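In: here is my input, please return the structure:
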Amino acid sequence: MAKPFDPRKTLKHIANPLLREFFTHRDELSDVPWDDLTEHKIDPIFEAWQALPLNTQLEVQVILRDIHELADHRGLAVLAEEVGWRIPDRMAEYEAQEGKADRAMWVYLNTPEAFAEAALFARADALAAGRQWKRRNSLPKVSLEVDAIMLGRLQDGLSGFYGPTQMRGRRCEVLHYHRHEGGDYFFAYLDDYPDKHLVFDESSDRPVVRADRQAFQNVFVYNPDDGSMEVFAPGGRRVWEPLQSAFCHAVLGRRVDPADPMKPIYKLDHLLTPDFPLPTDPADRVEESRLKRIRLGQRGRRDALELTVDPRDGKYEIYRKLEKLRRVGLVNDATRVFSASFELRFVHEGCGRRKTMSFDVSTPNSCNLKSKPDEQRAVGERCLKMWEIVDDA
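Out: From the prediction side, this is the model:
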């Protein structure tokens with residue numbers, strides 16, 4: 001997520017009653033004249049916080065940073081998901097909070113377990129938007145029973161890869177979380193190369209050099225509903241393919257090939273880009289290509305929303321509908337596209353009806369082009385490559 005963090009601005013974005021409850025719960029800032037403060041007048045709060053012992057200041061700063069990170073569309077989608085299944089009878093209270101940071105603070109105060117897991121899932125969702133997040137399919141569809149033995153196997157498998165090949169990662173700890181109505185998340189923390197850093201500590205006001213081994217992170221998500229897995233592991237194919245195999249062996253008890261050459265992997269999330277162009281090969285004589293149906297939802301949730309348009313509507317009508325959903329927060333950075341339908345309208349040759357072709361694509365690996373005549377299937381496959389729907393990475 002890594003957004004610029006300004007503690008004063010974060011405090012201003014949180015309603016004073018919530019700040020008062022936060023610090024009262026921590027038995028701090030009792031001398032602040034809370035009843036006399038106007039809303040968002042945080043100078044006395046900020047100054048009192050800075051007068052606390054350094055360790056206490058840093059504890060509060062960590063919490064405020066998480067609130068700051070969760071106070072956006074992606075974070076709020078995960079917070080609502082957590083509140084909705086943990087304390088559904090209090091969902092109205094959550095929704096009554098006016099600001100984004102207010103909602104994040106309310107969750108921290110009322111269900112800290114939800115807040116902690118939401119922070120993890122939101123960070124994973126942010127990583128999933130990057131190029132180093134990879135997905136594969138065609139795995140067994142099984143419900144996991146995660147225990148210490150399984151986590152130990154995965155830790156050994158990851159260290160067994162990184163240790164000999166990269167001279168790091170010999171120490172590893174894996175934490176498992178199950179996302180409600182979603183997948184199983186495995187967060188792996190491994191020791192990185194030793195390095196020196198300039199740091200401030202409590203014993204000195206001047207920076208000192210400290211040598212240590214920081215941690216780097218891998219993330220694995222297994223989705224039992226469709227037998228797919230997702231991996232965040234910087235380093236390209238030579239890294240994430242062996243890690244996929246190590247994960248499947250440790251967690252699923254299966255030895256799998258690095259990739260399944262029989263089924264392509266389709267990616268559709270980029271179709272949410274406003275007025276996403278659908279170029280075609282001039283040789284295919286396609287006069288117009290359009291998106292006519294899209295099924296979407298939030299990462300980690302099973303419920304979905306489907307949009308369709310009338311064939312007589314304009315080419316980009318479906319994006320007008322998406323924009324309306326985006327304005328009310330139903331489409332945001334955490335939204336995924338599960339399936340889409342396309343229509344190709346070919347140049348009219350002057351006799352009979354205009355030729356058209358429709359086909360459907362669903363993640364991770366479903367497409368009905370194989371049922372089309374060879375000539376049409378070839379056109380559709382070329383379109384999928386030009387639209388970057390086929391993941392050739």
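
In: what number of residues lie near the closest residue in space to Lys141 that isn't next to it in sequence?
Out: Of all residues not flanking Lys141 in the chain, Gly227 sits nearest, at 4.3 Å (Cβ to Cβ, 6 or more residues apart in numbering). Where you see a C-beta, it was placed from the backbone N, CA and C, and this is true even at glycine. Gly227 has 17 neighbours, counted by other Cβ atoms under 10 Å.

In: roughly how far does Gly227 sit from Asn365?
Out: Distance, Gly227 to Asn365, by Cβ to Cβ, to the nearest Å: 10 Å.

In: common neighbours of those two, please.
Out: Listed contacts common to Gly227 and Asn365 are 137-138; contacts here mean Cβ atoms under 8 Å, 6 or more residues apart in numbering.

In: quick one on the thing from earlier: go ahead and confirm the residue nearest to Lys141 touches Ser138.
Out: Yes. Look at Gly227 against Ser138 with Cβ atoms under 8 Å: they come within range, at 6.5 Å.

In: list the contacts for the residue of the chain most remote from its centre?
Out: The outermost residue of the chain, judged against the average C-alpha position, is Cys351 (49.9 Å), by Cα atoms, centre = their mean. Contacts for Cys351 (Cβ under 8 Å, 6+ apart) come out as none.

In: now do the end-to-end distance for stretch 342-350.
Out: Using Cα to Cα, to the nearest Å, the end-to-end distance of stretch 342-350 comes to 24 Å.

In: can you list the buried residues in it?
Out: Counting neighbours by 16 or more other Cβ atoms under 10 Å, one finds that the buried residues in stretch 342-350 are 342-346.

In: neighbouring contacts of that stretch?
Out: Contact with stretch 342-350 is made by 278, 280, 284-292, 311, 354-361, 379-380, 383, as judged by Cβ under 8 Å, 6+ apart.

In: swap the cut-off to 6 Å and go again
Out: By Cβ atoms under 6 Å, 6 or more residues apart in numbering, the residues outside stretch 342-350 that reach it are 285-290, 292, 354-359.

In: give me the neighbour count for the residue found closest to Lys100 once you drop the neighbours it is linked to in the chain.
Out: In this structure, Lys100 finds its nearest non-sequential neighbour in Ala71, 3.9 Å apart by Cβ to Cβ, 6+ apart. Ala71 is flanked by 21 other residues according to other Cβ under 10 Å.

In: partners of the residue nearest to His178 when sequence neighbours are not counted in the sheet?
Out: Counting by Cβ to Cβ, 6+ apart, His178 lies nearest to Asp184, which is 5.4 Å off, once chain neighbours are set aside. In this entry, Asp184 is beta-bridged to His178, Tyr222, by DSSP bridges.

In: picking up where we left off before, are any of the contacts of stretch 342-350 buried, and which?
Out: Counted by 16+ other Cβ under 10 Å, those give 286, 289-290, 292, 357, 359 as buried.

In: max pairwise distance over the residues you listed: which two?
Out: With Cβ to Cβ as the measure, no two of those lie farther apart than Val286 and Lys292, at 14.5 Å.

In: among the buried ones among the contacts of stretch 342-350, name the ones in strands.
Out: Judged by DSSP state E, the buried ones among the contacts of stretch 342-350 include 286, 289-290, 292, 357, 359 as members of strands.

In: contacting residues around the helix or strand bottoming out on mean pLDDT in the chain?
Out: Sorted by mean pLDDT, DSSP states H and E, the helices and strands of the chain end with strand 133-136, the least confident at a mean of 84. With Cβ under 6 Å, 6+ apart as the test, strand 133-136 has contacts from 127, 229-232, 240, 265.

In: now, which of those residues lie within helices?
Out: Of the contacts of strand 133-136, the ones assigned to helices by DSSP state H are 127, 240.

In: could you look up the SS state of the most centrally placed residue in the chain?
Out: Using Cα atoms, centre = their mean, the residue of the chain that lies closest to the mean C-alpha position is Asp125, 1.0 Å off. For Asp125, the assignment made with DSSP: H, G, I helix; E, B strand; the rest coil gives helix.

In: ok, now Asp257?
Out: Strictly by three-state DSSP, Asp257 counts as coil.

In: name the residues that touch the lengthiest helix in the chain?
Out: Ranked by residue count under DSSP H, the longest helix found in the chain is helix 148-166. Identification of contacts with helix 148-166 by Cβ under 6 Å, 6+ apart yields 168-170, 172, 174, 188, 242, 246, 250.

In: can we see that at 8 Å?
Out: The contact list for helix 148-166 (Cβ under 8 Å, 6+ apart) reads 144, 168-174, 176, 186, 188, 190, 218, 242-243, 246-247, 249-251.

In: try stretch 270-285
Out: With contacts defined as Cβ under 8 Å, 6+ apart, stretch 270-285 is touched by 286, 289-291, 294, 296, 316, 319, 322-323, 331, 335, 337, 340, 342, 344, 346-347, 379, 382-383, 386-388.

In: any idea how far apart the tips of it sit?
Out: 25 Å.

In: may I see the buried residues of it?
Out: Buried-residue list, stretch 270-285, by 16+ other Cβ under 10 Å: 271-272, 278, 280, 284.
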